[in-house]
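test case, fold it:
(chains A and B)
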Amino acid sequence: MNEQILANVMECSVNGRIAPLSGDRSGLLLDFLRNTLHLKGSRFGCGHERCCACMVLIDGQPSYSCTRSLESVVNCRIETIESLGLEHSLVRAFLDEQAGQCGYCLSGILMSAKGLLDRDPSPGRAQIIEALEPHLCRCGAHARIVRAVQRAAKLDGAA
Amino acid sequence: VTGPFPRSLTRNPRLDQWIFFGDDRSVTVMTGKVEIGQGILTALVQMAADELQVSPSRIRIKSGDTGDTPDEMFTAGSQSVEVSGHALRIACADVRESCLQQAATLSECPPALIRITDGSFAGPGVPAGLDYWTCGKAIDWRRHVRADATLRQPGSFHSIGTSLPRLDLPAKLTGAAFIHDLTFDSMVHARVIRKPRPVSRLDTGCLEGLRRQLPLSIELLVMGDFVALCADTEKAVVAAAEKASTAIRWRDPLSRAEQDFDTERLKELDTIDRSTEAAGRAHQRNAVSDVAATYRRPYLAHGSIAPSCAIAHWDGATLSVWSHTQGVFPLRGALAQFLQIELRAIVVHHCQGAGCYGHNGADDVAGDAALIAKCRPGRHIRVQWSRQDELSASPYGAASVVEIRAGVDADGKPTSWDIEIWSPTHNQRPGSRGAPGLLAGEALPEPMSAMPPGDVPDELGGGGSRNSFAIYDLPPQRLTHHLVTGVPLRTSALRGLGAQANVFAIETFIDELAERAGTDPIAYRLHLLSDCRARNVIETVMQMSSWAQRPRGGDGVGYGVAFSRYKNRAAYVAIVATVEVDEDVRVKSIWCAADAGLVVNPDGAINQIEGGIIQALSWTLKEEVRLNSEGQLPATWDDYPILRFSEVPEVNVHLVSTNDVVTLGVGEVAVGPATAALGNAISNALGQRFRELPLSRERIAAALLTNAS
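This is a model prediction of the structure:
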C-alpha cells in the first residue's frame, strides 16, 4: 500500500510542465516522451546510445533518452525540442544556415547545442565539435550544423 | 518547350493531374516525386511559381500519393528537378497561356499585353478581378497538357535562381515531422523477426517455448518463415521482440564467411557478360608501353539514421499504406503482386522518413506492415525496424572491381583504352524485372519468385557500368561488364550506383598516367578535354584551391584532383581535396566547382553537393560491410562506423554560372569525384598509390608495409 502511494507521487517536469510517471515506472524515457506525452520531436535512431537522435536535456545535461529509465528521472527537469519553438535563437540559426537535409538528427543536435550554449554562451569551434561529436548525421550537413551553432551563439550574444 | 516532351507528361497527360486552383486564391501543384531530404518540394514550388507568375507562398504542393498525384516512378537518379520540374513547368505554362487566352476573350486585350502580378491580370481594357481563379473556371482541366506551351525564359524569373528556404525544415526543427510520428487510434505496434539469410528456415519447434515466454497480450503471427509480434503498445512489442529474437531458432543458421565480402570473390562467381564500345578518335601514334591497374570498392551499407517504418490498414476492400518509399506507384504494384490484391484496391501515401540515398528498407517494411494488416483487418498496423534490421536487412550498395588497361604513346597519352567491371546488380527495387522484391516475400510458405538477374540499362544511366566511359578525348573505349550473380548480400541502388567505383578508377588511373608522363594532373586532364563546360569546372576549382601554389607532396601533405560529369549527361563536377596523413588521414579542405545548368535553388543545390561530398568521404575513409565479432552482418553503429563531426573538413562548393536553360540534377554527382580526389590526395601525400577502398588507416598502413618490405 505504501509503495503504491509512493508510486503515485512520482513525477518529473517536461518542458516546464509536471508529468506524472506512475503508470510507466518500468519504461524508458524516450518511449514515455513519444508515446505517453505525444512529444514526437525526440527520435528513435538506434536504441543503444550510439547516434544521439534521442538526445534531450536532463537537468541541463545532454542525455540519451533511448536507454534512460523513468525511475532515474524522478524529480528531474527534462527539456525536449518542443521547448524551443521557431523563435528560439538555435532554431532561427539553423533555419538561417539551412543547416540540415533530412532533419532526422537535428532535434538531438539542437538539444546538445542548447546544453552547450547554456553552459558556455560563446563556445569556440572546437567546443562545438566536441559537443556534437557523439551525434551521427548521414546526409552530410555537419559543416552547416557547426556554423548554425556558432550563429546561434552570436544571436544570443547580440540579444 | 525546350528539350523533349518529358515522359512524366506522357504517363500523366491530363492538366488536372498536375495543377488546380483553390477557392482561397491558392494554387495546388502535384508531383509524383517525394521529399527524401533533398529539398525537392521547395525547388518544384519555385518552378511552378515562376511559370505561373505567382508568389511561392500561394503554392501548395502534394507529393507521392497514388490517390491523387501523377505517377512518376521513383525519386532517384538526380532527376527530380530535371524531369518532374520540367513536366510541372510545361503544365503551368499551359495553364497560364490558357487563362490569359480566356482573359483576352473576355476583354478583347491581346494576351501578350496582359501582365500577371501574383496571379492577377491587368492590361488595356482588362476589367478588374480577372485572374487565374476566375479565368481558370473556363479551362477544360481534363484535357491533355499541350506540348507547345511556351516556357518563361531565365531573365524573367523571380524565384528560380534564388535560395528560397526549405519549406519542410521548420517542422523538423520543432517537433513531429516524420512517418515515425504518425499515429492512429487503436494502432497496433508490430515487429518482425527477420530470418538471417534467404535460405534459413524457421525451426518451428521453438515456437511453443516462445509462446510460453510472451505475455498473453502479445500476439505471435507465424506464416512460413515470417514471424511477427503485435501489441497495443510499442513498449510491449519491443520487449517481446527482444525475447523472440533470442528464443527463435533457424535451421541453416549463420554461415556467412568473412571471405564472402572480399572484392576478389567477385571474379570467382557466375557472371552475365557483355561488351560494348564508346566511339572515340583513333589514336595516330603507336603505344610505347601498356599500363594496367585494378581498383576496388567494398559493399556499403545504406546506413539510414532512422529505422525504416510503415503503417498499413486493410478494411476488407482497400489497403492503405503510409510509407517513406522512393516510389509510391512502384510500391503499390509490388504490394498488389505480393498480396494478390487488385492494384486499384491499394493506396500508398508518402510520408517523410530520414535521409534516403537509394533503395533502403522503406519498401520492405511497408511489405511487412501490409502483410500483417491483411491478416488483421480493421486495425492500423505500425511496423518499425530495429537498428540491427536497418543495418543488416536493408539492401547494400554493391561492391565492384574495376580494371583499366591502356596503351600510352611517347608523350604519355592513351592510344587504347579498356575498362572491365565486375559488380553485382545495382538495382533490385520493388517491381524490377517483374518481381515484387519485398523482403517479406521470401519468408512466406510459398516464397515469391526471386528477382531475375539484371542491372540498370545503359539508357537509364547504367548500374555497375554507370560512368564507365570517361568523357576525355580518348581512343575508342572498350567496356566489358560482368554482372556478378550469386553474391552473399542483397545489393541495390545506393547514391551514384556504379559511378563511385568507376570514377574512382578512371580518375585515379588518369592521375597515374599524368604522373608517368611527368605532367601536372590538372594540365594532363585539360590536354585530354575539349568539352568547354568540363574545362570550366576544372579551371575554376584550380583557382579556388590555389592549385598552382600547392606543396609538392610526398611528405604527409597531399593535394588531389578529380572530375566527372555524372552519367555523362548530368552536372559537371571538379573537386580538389587536401589531406594530412600521419597515423590517420585528416581531410583538411575540399573545393568543388559544379556546373548544374539552370539552378533552381542555389543554396539547396550546394547543400546537396556538400552532403554528397561528405557522405563520399565517409564511404572512402571508413566504410566497408564486414561480419562483426559474432559473425553477423553489422548490427550496430559500432560494427559500421561512419564519419563524425571532428572528421569533417571545410567544404567549399561553387556553382559556376552558365547560360544553359536546362537543369541538371545534383544529388549524386559528387560521390565519384570526391572519392577519387581524396584518393589522389592521399597518394600525393604518401608518394604511393592506393587502389582499394576504403582508404582506412589499416589499409593504408598495410599498403605502406607491403611496399616497404
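
only C-alpha atoms for contact and neighbour calcs from this point on.
Will do.

so which helix or strand takes in A:Gly45?
Using DSSP states H and E, A:Gly45 sits within no helix or strand.

which residues does it contact?
Shown in contact with A:Gly45 (Cα atoms under 8 Å, 6 or more residues apart in numbering or on different chains): A:51-54, B:305-307, B:387.

distance of it relative to B:Ala306?
Using Cα to Cα, to the nearest Å, A:Gly45 is found at 5 Å from B:Ala306.

who touches both of these two?
B:Arg387.

just to revisit the earlier point, counting neighbours, which of the contacts of A:Gly45 comes out on top?
For those, neighbours were counted using other Cα atoms under 10 Å in any protein chain shown, and A:Cys52 has the most, 33 neighbours in all.

for that one, helix, strand, or coil?
coil (DSSP: H, G, I helix; E, B strand; the rest coil).

all strands for chain A, in order.
Taking DSSP state E as the test, the strands found in chain A are A:11-14, A:17-20, A:56-58, A:61-63, A:77-79.

highest mean neighbour count out of those strands?
strand A:56-58 (a mean of 24; mean count of other Cα atoms under 10 Å in any protein chain shown).

strand partners (parallel or antiparallel) of it?
The pairing partners recorded for strand A:56-58 under DSSP bridges are strand A:61-63 (antiparallel), strand A:77-79 (antiparallel).

neighbours around B:Lys137, how many?
So B:Lys137, with other Cα under 10 Å, has 12 neighbours.

wait, B:Glu583
Neighbours of B:Glu583 using other Cα under 10 Å come to 10.

same deal with B:Ala410?
Count around B:Ala410 with other Cα under 10 Å applied: 12.

so B:Thr276 sits against B:Leu479, correct?
Yes: counting by Cα atoms under 8 Å, B:Thr276 sits close enough to B:Leu479 to count as a contact (5.3 Å).

neighbour count: the two, which is higher?
Using other Cα under 10 Å, the more surrounded residue of B:Thr276 and B:Leu479 is B:Leu479, with 20 against 10.

stretch B:637-650 and chain A, are they touching?
Yes: Stretch B:637-650 lies within reach of chain A by Cα under 8 Å from any Cα of the partner chain, at B:637-638, B:642-646, B:648-650.

what does the stretch 101-250 of chain B put close to chain A?
Residues of the stretch 101-250 of chain B lying near chain A (Cα under 8 Å from any Cα): B:165-166, B:169-170, B:172-177, B:181, B:234-235.

from these, which land in helices?
Using DSSP state H, the members of those that fall within helices are B:169-170, B:172, B:234-235.

who's in contact with stretch B:283-295?
B:401-410, B:414-416, B:474-475, B:501, B:504-505, B:509, B:691-693.

let's go with 7 Å and repeat that
For stretch B:283-295, contacts defined as Cα atoms under 7 Å, 6 or more residues apart in numbering or on different chains pick out B:401-410, B:415, B:475, B:505, B:691-692.

got any ranges where chain A has weak pLDDT?
Within chain A, the stretches with pLDDT under 70 are A:1-8, A:23-24, A:159.

what does it have sitting close to chain B?
Contact residues (Cα under 7 Å from any Cα of the partner chain) of chain A with chain B: A:31, A:40-41, A:44-46, A:50, A:81-82, A:85-86, A:91, A:98, A:101-104, A:106-107, A:129, A:132-133, A:136, A:138-143.

who are the contact partners of the most centrally placed residue in chain A?
With distances taken as Cα atoms, centre = their mean, A:Val56 lies nearest the centre of chain A, 2.4 Å away. By Cα under 7 Å, 6+ apart, the residues touching A:Val56 are A:62-65, A:79-80, A:108, A:111.

can you pull out the helices in the stretch 51-200 of chain B?
B:86-107, B:132-135, B:169-172 (DSSP state H, counting those that start in this stretch).

count residues in the vicinity of B:Gly597, would you?
22.

just to check, it is in contact with B:Thr658?
Yes: A contact is recorded between B:Gly597 and B:Thr658 when judged using Cα atoms under 7 Å, the distance being 6.1 Å.

hmm, back to that, tabulate the residues of stretch B:637-650 next to chain A (TSV), appending neighbour count, distance to B:Pro673 and pLDDT.
Listed next are the residues of stretch B:637-650 next to chain A as TSV, based on neighbours: other Cα atoms under 10 Å in any protein chain shown; distance: Cα to Cα, whole Å; pLDDT from 0 to 100:
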residue	neighbour count	distance to B:Pro673	pLDDT
B:Trp637	19	26	98
B:Asp638	10	28	97
B:Ile642	20	19	98
B:Leu643	23	18	98
B:Arg644	18	21	98
B:Phe645	22	22	98
B:Ser646	15	22	98
B:Val648	22	17	97
B:Pro649	19	16	97
B:Glu650	15	17	92
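
residues in contact with the residue lying farthest from the centre of chain B?
The centre of chain B is farthest from one residue, B:Gly125, which by Cα atoms, centre = their mean lies 51.3 Å away. Contact analysis of B:Gly125 by Cα under 7 Å, 6+ apart lists B:107, B:109.

residues from the stretch 501-650 of chain B in reach of chain A?
Residues of the stretch 501-650 of chain B lying near chain A (Cα under 7 Å from any Cα): B:610-612, B:614-615, B:637, B:644-646, B:650.

which one of the residues you listed is nearest B:Leu678?
Relative to B:Leu678, the closest of those is B:Ile614; by Cα to Cα it sits at 11.2 Å.
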